[in-house]
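Engineer: okay, sequence plus prediction incoming.
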Amino acid sequence: MRALQSDSIRAETGKVADTQRARRRYAGAVVALLILVALAGASMLHAAESVHTSRKYWIGKNIGQAEKEFGTPTFSEQLIETGGMLVIYASGKNPVHFVFETDPGGRIIKAARVE
């Protein structure tokens with residue numbers, strides 16, 4: 001009788017272990033799928049980036065064009081040495097920030113993209 005009970009307990013334990021393994025496999029597959037979806041979304045966002053996010057695009061443009069693209073500057077300061085301006089656009093929504101230096105006429109002479 002005792003041997004019959006232990007066989008029954010082993011069979012139940014095996015079923016539980018199989019169920020737990022199946023759940024772990026399923027959870028692993030779900031996590032892998034979520035990672036793939038996140039990576040695909042990130043690459044699509046990168047591919048859809050505007051040409052206007054290139055620092056080379058901005059050199060030679062007027063600072064007014066940057067204001068149209070980015071809105072009000074986060075920080076701006078007159079540069080005594082050159083007579084131009086130091087203008088920073090940093091948005092909490094966008095992880096990419098821009099720093100511009102202009103000549104006295106407002107033409108962008110230096111641009112930096114900060115991530």
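Structural biologist: Received the coordinates, thanks.

Engineer: okay, now the sheet partners of the helix or strand residue 111 falls within, with direction.
Structural biologist: Element membership for residue 111, per DSSP states H and E: strand 108-114. Its sheet considered, strand 108-114 pairs with strand 97-102 (antiparallel) by DSSP bridges.

Engineer: where in the chain is pLDDT low?
Structural biologist: 1-17, 22, 24-51 (pLDDT under 70).

Engineer: now do the same contact list for residue 91.
Structural biologist: Contact analysis of residue 91 by C-beta atoms under 8 Å, 6 or more residues apart in numbering lists 70, 71, 74, 97. (Glycine included, C-beta is placed from N, CA and C.)

Engineer: who does the closest residue to residue 85 other than its chain neighbours form a beta bridge with?
Structural biologist: What sits nearest to residue 85 in space, not counting adjacent residues and going by C-beta to C-beta, 6 or more residues apart in numbering, is residue 102, at 4.7 Å. Beta bridges link residue 102 to residue 108 when assigned by DSSP bridges.

Engineer: what does residue 76 give?
Structural biologist: Counting by DSSP bridges, the residues bridging with residue 76 are residue 87.

Engineer: what's the separation between it and residue 18?
Structural biologist: 66 Å (C-beta to C-beta, to the nearest Å).

Engineer: of those two, which one has the most company?
Structural biologist: residue 76 (14 against 10; other C-beta atoms under 10 Å).

Engineer: you'd agree the more buried one is up against residue 89?
Structural biologist: No: counting by C-beta atoms under 8 Å, residue 76 stays clear of residue 89, with 9.6 Å between them.

Engineer: quick one: contacts for residue 18?
Structural biologist: Counted by C-beta under 8 Å, 6+ apart, residue 18 has zero contacts.
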